[in-house]
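Engineer: Here is my input, please return the structure:
(chains A and B)
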Amino acid sequence: MRTDTTVEPSSIHRRHAATVFLTDVQPDGSDGFVAAAILPDGHAYYSAHTAPANRRLDPMLVLETCRQAHNYLAHTYFEVEADAAFILNRFSLRVAPDAYTLMPAVGDGLLRMTLPAPTPQLLGRRTRGLAPSFALSLDGTPIGESDMTVGYLSAAAYRALRTRHRGGALITSDDLPPADRTGAVAPAIVGRIRDADVLLADLAGDRARLLVPVEHTGLFDHPLDHIPGTLFIEAARQFATALSPPSMIMTSMNATFHAFAELDAPVSLTAVTRGGEIVVDACQAGRAVATVAVALLPVR
Amino acid sequence: MEIGVVLPQGELHGGARELREFAVAVQELGFRHLLAYDHVLGADPDGHPGWSGPYDVDNPFHEPLTLFAFLAGVCDLELVTGVLVLPQRQTALVAKQAAEVDLLSGGRLRLGVGLGWNSVEYAALGRPMRGLGSRLDEQIALLRALWTQRSVTLMGSGEHFDAAGLNPRPARSIPIWIGGTSDAAYRRAGRLGDGWLPRLSPGPALDAAKAVVALAALSAGRDPSAIGMHGRIRLGAGGFDAWRDAGATHLAVSTLGAGFTSLSEHLRALSQLEGEIR
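Structural biologist: Take a look at the predicted model:
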């Protein structure tokens, strides 16, 4: 298994090499797969945090590597067509609060992901869904797990359904101007360093407005016709960070995506604390589009 | 009631790629079958003054069994001819081609057959356009014999089977459904058909046709409830519940003639039926 260089970006729906971390996915010789990803020692987006622990190892980077492993797995081992649309239905992550300490003092880390072979959801002969469960380790030490549920549609069926859902012609992130940052919160409040990474505006208690920075290559690596699920997850983490004491980091996340969220209509966020988690609901035009539950713990 | 789609051939212009995309997408949208019309030839109106047929030489039709051999490899839908003009064809060749499609598709062919209407087509194919009903009856018997028996000896319709058979044969007797709009067609459906394809809408005329089918079935010692009914509906016309209430086992939705000029328009319209088909 390759661990020295990352995969071809197009093999995992990426356009920019700087956003590719996966190095390989291979059958493990029994009934599962093993994957690896390079966790860079410093990244323009994934390292731009106020919390030192997040700078060393951003859980969102771990999540992204799992997403990339899934994409590669689906195309390479489950014959999902290259132009198929991927529909993220659920995504979860649990990471040990001290996982960041396993990153090397200098240089890149290597994340290993092992997973039992997922049972494909079939439509006729075609794989139309997978739900892989990744066990994560860093430097040989288990650091957590991630689960995701993804559906696939042919490009033609996807276009038909999305156009109908939107009620008109699709637009992509490339068609839109950069986000209007009026009302954006100060980066430090949401644990970020750069203004460009802030996803919350008009924060008032348990409510906020979602910013959708289509110009952000970390969040919009390639043109998309909807708000990506990972943007909602990052926004929920930022919301939870804003509502929590300093020096807390995300240790678990459960996201459910209910409907496609359009790029050009406002999204409101509401946060409630429930059972030790902060649950963020995203609504657009009165319709629930995503629910993300985030747990933060103090850095050990 | 299984809901499928009439293949809008003639309004898909992207060749094999677009046919594949259409079939895959239709399956993903939840439809269960594709129904294809059949014409081997179209008449050139310039050579037939006063031509009044619904189609002519400028209307494209794929050869359905050849088309199905392709679609069998790209989708998992049931493939239905609606209908194949059987009396203008050689029975042995239809039996052979249908057997191939059924084998290659893993048993997904349903052969709708009918008499057709186009005398130009019959003439060009060298088959007389008379005695069609009795020829169709004989052809149906021949098809079933060829699909189920190693060696067939039968005479009729100018076709002489003298101890001859198909190899490979399909794994089953391919279902034969009867099209047509006459009482004779309805009686044939009741007597011989695994199902029928009425060209009527739910209402008194359909009820009357159903009664003819049922009576013919009973007269032939068959159970009328075992005979399927495959309706057809124009997109936007509604009537799904009426077909269910009428006892249809299958319903094909047609997006033809709605003014669509692209694959996307056909698919977007079909995607609106999500509530009807799930």
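
Engineer: What is the burial count for residue A:217?
Structural biologist: Neighbours of residue A:217 under the rule other CB atoms under 10 Å in any protein chain shown: 15. Bear in mind the C-beta positions are built from the backbone N, C-alpha and C, glycine included.

Engineer: what ranges do the strands span in chain A?
Structural biologist: According to DSSP state E, chain A carries its strands in the segments A:22-27, A:32-39, A:85-95, A:109-116, A:121-123, A:126-130, A:133-138, A:141-153, A:200-204, A:207-210, A:248-257, A:268-274, A:277-284, A:287-298.

Engineer: For the stretch 101-250 of chain B, which segments count as helices?
Structural biologist: B:119-124, B:132-148, B:183-192, B:204-219, B:240-245 (DSSP state H, counting those that start in this stretch).

Engineer: Check which helices and strands the third one is in contact with.
Structural biologist: It stands for helix B:183-192. helix B:132-148, strand B:176-179, strand B:195-197, helix B:204-219 (3 or more CB pairs under 8 Å, 6 or more residues apart in numbering or on different chains; DSSP states H and E).

Engineer: Just put the ones you listed in a markdown table and tack on mean pLDDT.
Structural biologist: Shown next, in a markdown table, are those (pLDDT from 0 to 100):
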| stretch | mean pLDDT |
| --- | --- |
| helix B:132-148 | 96 |
| strand B:176-179 | 98 |
| strand B:195-197 | 98 |
| helix B:204-219 | 98 |
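
Engineer: out of the ones you listed, which comes closest to residue A:160?
Structural biologist: For the helices and strands packed on helix B:183-192, the distance to residue A:160 is smallest for strand B:195-197, at 26.9 Å, taking CB to CB.

Engineer: Going by neighbour count, which residues of the closest one are buried?
Structural biologist: B:195-197 (16 or more other CB atoms under 10 Å in any protein chain shown).

Engineer: For residue A:9, state which of these is nearest.
Structural biologist: Checking the buried residues of strand B:195-197 one by one against residue A:9 (CB to CB), the nearest turns out to be residue B:197, at 50.8 Å.

Engineer: Hmm, residue B:110 and the closest one touching each other?
Structural biologist: No - counting by CB atoms under 8 Å, residue B:197 stays clear of residue B:110, with 9.8 Å between them.

Engineer: what touches both of these two?
Structural biologist: Taking CB atoms under 8 Å, 6 or more residues apart in numbering or on different chains as the criterion, residue B:197 and residue B:110 both touch residue B:177.

Engineer: For chain A, which residue occupies the most central location?
Structural biologist: Among the residues of chain A, residue A:230 comes closest to the average C-alpha position under CA atoms, centre = their mean, at 3.2 Å.

Engineer: one step back: I'd like the helices and strands packed on helix B:183-192 as JSON lines, with distance to chain A appended.
Structural biologist: Listed next are those as JSON lines, based on distance: least, CB to the nearest CB, whole Å:
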{"stretch": "helix B:132-148", "distance to chain A": "24"}
{"stretch": "strand B:176-179", "distance to chain A": "22"}
{"stretch": "strand B:195-197", "distance to chain A": "23"}
{"stretch": "helix B:204-219", "distance to chain A": "31"}
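
Engineer: can you list the weak-confidence ranges in the chain?
Structural biologist: Went with chain A since none was named. A:300 (pLDDT under 70).

Engineer: wrong chain, I was asking about chain B
Structural biologist: Using pLDDT under 70, chain B drops low at B:157, B:278.

Engineer: So which bits of it are right by chain A?
Structural biologist: Residues of chain B found near chain A (CB under 8 Å from any CB of the partner chain) are B:21-22, B:24-25, B:27-29, B:75-77, B:263-264, B:267-268, B:270-272.

Engineer: Now that we have the residues you listed, which of them are buried?
Structural biologist: Using 16+ other CB under 10 Å as the burial test, the residues of chain B next to chain A include B:21-22, B:24-25, B:27-29, B:75-77, B:263, B:267-268, B:270-271 as buried.

Engineer: just these now: which is nearest residue B:133?
Structural biologist: residue B:77 (31.1 Å).

Engineer: If I follow the layout properly, residue A:97 ends up in contact with residue A:249?
Structural biologist: Yes - counting by CB under 8 Å, residue A:249 is a contact partner of residue A:97 at 6.5 Å.

Engineer: Show me the common contact partners of those two, please.
Structural biologist: Taking CB under 8 Å, 6+ apart as the criterion, residue A:97 and residue A:249 both touch A:53, A:297, A:299.

Engineer: Reformat the residues you listed into CSV and put distance to chain B and neighbour count next to each item.
Structural biologist: Formatted as CSV, the shared contacts of residue A:97 and residue A:249 follow (distance: CB to the nearest CB, whole Å; neighbours: other CB atoms under 10 Å in any protein chain shown):
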residue, distance to chain B, neighbour count
A:53, 43, 22
A:297, 42, 16
A:299, 46, 17
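
Engineer: just those now: which is nearest residue A:204?
Structural biologist: So of the shared contacts of residue A:97 and residue A:249, ranked by how close each gets to residue A:204 (CB to CB), first place is residue A:297, at 26.0 Å.

Engineer: Please consider this matter closed, and thank you.
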